[in-house]
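Q: A predicted structure for the sequence below; I have some questions about it.
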Amino acid sequence: MHHLIALYLFKNKTCPLPGLGTLFVETGKAETDFVNTVINAPVSVISFENKDNDASNLVGYIAAKTNSSALHVIDKLGQFCNNLKSAAMADQPAVLEGVGNFFTDIPGHIKFKPGQLPAIFFSPVKAERVIHPQAEHQILVGDKETTNTVMTEYFNEAPVKKKRWWIWAIVLGALALLAILLYLNNEKASSIFGNIMPIE
């Protein structure tokens, strides 16, 4: 019975347990992991509600799987759920294998603690990004939207050579100034007022 109830629950995302309540499977969202190039499976959480729902589909499912009559299944399912409820009310282990545990809180209400679901339900999927280099597609650069073609042309442009003629002008000017200073420093050179060599 444990196995059939677990199968029904995971297949239909809900499972009524007569006289006990209803189990639900709530599925989260898948998450992408770009670093490891995988998509992690959505994590499912089993919740419980103290509310009886119609169990006719569950009875039909168990009857088909066990080749039993619906009346026989109703009797067996009722006994199974009563045993779980009695164990939970007596603070004894009330385990639904593969699904979780039932227990009672301080006021005496039946609660449910989900078990660890099998890892096979959450195996990641390999997801490698496919880029077609010849196809043009939209990309976001900073806060501007552009295309891969425009960005390729931008990065392939030849760098503009900076004009550095002024460096050569400074070097030549400095050499000319040095030559003038050396000439004026020479004792035999003439001053701006004439020849400065002494007359003998």
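A: Right, received. Where do you want to start?

Q: now do stretch 83-102: distance to the chain's middle.
A: Per Cα atoms, centre = their mean, to the nearest Å, the displacement of stretch 83-102 from the mean C-alpha position of its chain is 36 Å.

Q: CA atoms only: put it into PDB for me.
A: Only the C-alpha atoms of stretch 83-102 are listed here, as PDB (Å, rounded to 0.1, in the frame of the first residue of the first chain):
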ATOM      1  CA  ASN A  83      -3.500   2.600  11.400                       C
ATOM      2  CA  LEU A  84      -1.500   5.700  10.300                       C
ATOM      3  CA  LYS A  85      -3.900   8.000  12.200                       C
ATOM      4  CA  SER A  86      -3.900   5.800  15.400                       C
ATOM      5  CA  ALA A  87      -0.100   5.600  15.400                       C
ATOM      6  CA  ALA A  88       0.300   9.400  15.000                       C
ATOM      7  CA  MET A  89      -2.300  10.000  17.800                       C
ATOM      8  CA  ALA A  90      -0.400   7.600  20.100                       C
ATOM      9  CA  ASP A  91       3.000   9.300  19.400                       C
ATOM     10  CA  GLN A  92       4.200   6.200  17.600                       C
ATOM     11  CA  PRO A  93       6.000   6.100  14.200                       C
ATOM     12  CA  ALA A  94       3.400   6.700  11.500                       C
ATOM     13  CA  VAL A  95       5.500   6.500   8.400                       C
ATOM     14  CA  LEU A  96       4.300   6.600   4.800                       C
ATOM     15  CA  GLU A  97       7.300   5.100   3.100                       C
ATOM     16  CA  GLY A  98       8.900   7.200   0.400                       C
ATOM     17  CA  VAL A  99       6.700  10.200   1.400                       C
ATOM     18  CA  GLY A 100       7.100  11.200   5.000                       C
ATOM     19  CA  ASN A 101       5.800  10.900   8.600                       C
ATOM     20  CA  PHE A 102       2.600  11.800  10.400                       C
END
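
Q: let me see the mean pLDDT of that stretch.
A: Averaging the model's pLDDT scores along stretch 83-102 yields 83.

Q: now that stretch: buried residues?
A: Within stretch 83-102, the residues scored as buried using 16 or more other Cβ atoms under 10 Å are 84-85, 87-88, 94-96, 98-102. From N, CA and C alone the C-beta is placed, and that goes for glycine too.
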